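# Turn this into a structure:
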Amino acid sequence: MSEISISPFLAVVGTTASGKSSVAMELAKRVERLEIISVDSMQIYRGMDVGTAKPTKEELDLVPHHMIDIVDPSEEYTLSEFQMEAHKALKDVEERSANPVLVGGTGLYLRTIVDELTIPGQYPKVRSEIEAELDTAKLYAKLTDLDPLAASRMEKNNRRRILRALEVTVGSGKEFSSYGPGLIKYPKTKFKIFGLKWVRDAIDERIIDRYEWQLNNGFFAEVERLFNSPGGMSRTASQALGYKHFFEHLEGKTNFEEALEKAVVDTKKFARKQERWFRRDPRIRWIEIMEDPLEAIPILMEEYK
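You can find the predicted model right below:
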């Protein structure tokens, strides 16, 4: 990464529906040459706009954004690919002496940038063999045998993380936990990380309101278009909250109301997971939000004085 010295390097994080994007846009109105680098695992996909709360065309025209609309939803996009492209974007912003701000709620994507994590390789053949085992408890037991330290760091029912740890351990011949200090260390970073903190009831209400707004602004039509797209959806893109629930409706597995209710419930659960993830990071400075995310602006503006 470039060592060009500019200040400050900021990141704005928080749970889904916490208002991170609106804060970043307001900051861009007040800070000269500010550019936004998205750290959202779903905004990378073209055509997944309404359901990922992607910035509007007007906002994209107004403020330079990076790491948005990178690939089609039919394509797999790995964490290492994201890390590489995000570092390129950050270097570009630095070399033009602009002000970068990382914005998003995908904690692992954020840490690949601020901590420059060493990311293990991909082993598709090994992964497909492991995925054939549908019993997550058996996979966790296997991981416990092969890499007990890695197993101790994850929940027993977190199938995605268990699969990844087994893929790397079996595919590389090295324990997944041996790849650097990993996520349990929070080293010094040049980024100042700010988090938007809401009470849970408020986030729950904002999640409900956002689904209502999205459905009134073309979300379901977007889902139908993606569902019927010739290229289909990649494994990662098809798991996007809201999308996967309405896909089940279009497959005839649920009615519309059930799909929406499940989407809301799962999104609330996801917000709790995000909250727990970010809470573990002692470097984050939390900003208490009472009614409007823009309450964070005066505190953030202090960094530009």
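# Just read off the phi/psi values of Phe191.
Backbone torsions for Phe191, taken as degrees, to the nearest 10, come to phi -80, psi 140.
# so who does it touch?
Phe191 makes contact with Phe9, Leu10, Ala11, Leu102, Ile113, Val114, according to CB atoms under 8 Å, 6 or more residues apart in numbering. In this view, the C-beta of every residue, glycine as well, is placed from N, C-alpha and C.
# can the residues you listed go into TSV with extra columns for neighbour count?
As requested, those are exported to TSV (neighbours: other CB atoms under 10 Å):
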residue	neighbour count
Phe9	20
Leu10	21
Ala11	23
Leu102	25
Ile113	25
Val114	20
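# What about the residues you listed, which are in strands?
Taking DSSP state E, the ones among the contacts of Phe191 that sit in strands are Phe9, Leu10, Ala11, Leu102.
# out of those residues, who's nearest Pro124?
The nearest member of these to Pro124, counting by CB to CB, is Leu102 at 29.4 Å.
# Show me what the nearest residue to that closest one once chain neighbours are set aside bridges to in the sheet.
Excluding its sequence neighbours, the residue lying closest to Leu102 (CB to CB, 6 or more residues apart in numbering) is Ala11, at 3.9 Å. Assessed by DSSP bridges, Ala11 has beta-bridge partners Leu102, Ile193.
# Going along the chain, name the strands of the stretch 101-250 of the chain.
191-197 (DSSP state E, counting those that start in this stretch).
# Please name the residues that touch the residue positioned nearest the centre of the chain.
By CA atoms, centre = their mean, the chain has its centre lying nearest to Thr106, at 2.3 Å. Listed by CB under 8 Å, 6+ apart, the contact partners of Thr106 are Val39, Asp40, Ser41.
# Not counting sequence-adjacent ones, nearest residue to the second one?
Right, Asp40. Excluding the flanking residues, the one nearest Asp40 by CB to CB, 6+ apart is Gly104, at 4.2 Å.
# Repeat that for the first one.
Ranked by CB to CB, 6+ apart and with sequence neighbours excluded, the top spatial neighbour of Val39 is Gly104, at 3.4 Å.
# could you measure that neighbour against Leu62, distance?
Separation of Gly104 from Leu62 (CB to CB, to the nearest Å) stands at 19 Å.
# who's more crowded, those two?
Counting neighbours by other CB atoms under 10 Å for Gly104 and for Leu62 shows that Gly104 has the greater number, 24 against 13.
# residues contacting the more buried one?
Gly104 neighbours (CB under 8 Å, 6+ apart): Val13, Lys20, Ser38, Val39, Asp40, Gln43, Leu110.
# about what we covered before: which one of the contacts of Thr106 is nearest Ala137?
Checking the contacts of Thr106 one by one against Ala137 (CB to CB), the nearest turns out to be Ser41, at 26.4 Å.
# Next one: that closest one from Asn99, what distance?
24 Å.
# tell me which of the contacts of Thr106 is nearest to Glu288?
Distances from Glu288 to those, taken by CB to CB, are shortest for Val39, at 22.3 Å.
# okay, the closest one: pLDDT?
You'll see Val39 listed with a pLDDT of 96.
# where does Arg96 fall, phi/psi-wise?
According to degrees, to the nearest 10, Arg96 has phi -100, psi 10.
# Quick check: the gap between it and Glu35.
Noted for Arg96: a distance of 8 Å to Glu35, by CB to CB.
# and what of Lys273?
From Lys273 to Glu35 the distance is 29 Å (CB to CB).
# One more: Arg46?
Separation of Arg46 from Glu35 (CB to CB) stands at 20 Å.
# which one of those two has more residues nearby?
More neighbours surround Glu35 than the other of Arg46 and Glu35, with 20 against 15 (other CB under 10 Å).
# Just the pLDDT for that one.
Per-residue confidence (pLDDT) for Glu35: 96.
# Correct me if wrong: it contacts Leu60.
No - the pair Glu35 / Leu60 is not scored as a contact, 11.5 Å apart, by CB atoms under 8 Å.
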